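Novice: Here's my sequence, what's the structure:
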Amino acid sequence: MKKYIKLILANLSIAIAAVILYSPGLVNLRLSDYSIFRAGMSIIAALLLILSFFLVNIRLLKEPDRKPVTLDDVHDLDKAKDILRSHCEGKYFGSLARTASEQLDRIFQCRQRLTGILAQKFTQGTMSFDKFDSVAAAAETAAIKNVVAMANRMRLFDEKEYARLQHYREDDIPDDIQEEQLRLYQKNFDNVRATIAHNEKLLLKLDALAMEISSSSSGDDTNLNNELIGEIERLTDETKYYQ
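Specialist: Sure, this is the predicted structure:
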């Protein structure tokens, strides 16, 4: 429903713009104008209005891509955000997609912050620098893998079917079958929420590692750093359970 409201408003805006641009008494653009500039502007405005009409309608009426996403399709955080963006307007997954996108921004910022701290504490290329940097890189990759998993779950989630199942007792299909379908959809939904929680844990530990390295005199508080690194590596390894 929200999509069609946007479609109506967008087309109405284009129509209003056309009226303003070409109506006598308003801008009154026309191809036959004596002014070459105004005649040229009438052509440019017409082309822009036509282009806007087609782009808006194609974008809003386009059915979501159901093709599974692989890790090879997602090379960096920006591409991962692009995948999430197509789900941000969904009724059931919209909020979760926006949260996951914000997490990716925070992971990027945390990675940049940690890299800056490492450059202050260690010489690039040393064992200490490489140890911490590789852990941060692995955490970033794990977050991207989680987004790929979330995107595939969202793509398989038919929102219309899920909305229908909310009222399954009101139709003629056997209730036990629809209850099982509803449980399947709910499990898919819960898995996406669990994946977001997993990314949040990764963020928490990366922030903690950055703070500890920054606050230590040498950046190499072995016991504490090893404990945090171990926790991040465990969370990174657990990513496979969300695929």
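Novice: Closest to the centroid, which residue in this protein?
Specialist: residue 84 (2.6 Å; Cα atoms, centre = their mean).
Novice: Toward the C-terminus, what is the element adjacent to the helix ranked longest in the chain?
Specialist: In the chain, with assignment by DSSP state H, the single longest helix is helix 175-215. Using DSSP states H and E, the helix or strand that follows helix 175-215 in sequence is helix 222-238.
Novice: now the angle from that next one to helix 175-215?
Specialist: If you take axes from the mean of the first three to the mean of the last three Cα atoms, to 10 degrees, helix 222-238 sits at 150 degrees to helix 175-215.
Novice: ok, and for helix 222-238, which residues are buried?
Specialist: Across helix 222-238, burial judged by 16 or more other Cβ atoms under 10 Å covers 225, 228-229, 231-232, 235-236. Backbone N, C-alpha and C define where each C-beta goes, glycine included.
Novice: name the element the nearest residue to residue 45 once chain neighbours are set aside belongs to?
Specialist: Leaving aside its sequence neighbours, residue 45 sits nearest to residue 21 (Cβ to Cβ, 6 or more residues apart in numbering; 5.1 Å). According to DSSP H and E, residue 21 maps onto helix 2-22.
Novice: The longest helix of the chain: how far from the chain's middle?
Specialist: 15 Å (Cα atoms, centre = their mean, to the nearest Å).
Novice: Mean confidence (pLDDT) on stretch 176-183, please.
Specialist: Stretch 176-183 carries an average pLDDT of 83.
Novice: do stretch 34-51 as well
Specialist: For stretch 34-51, mean pLDDT rounds to 82.
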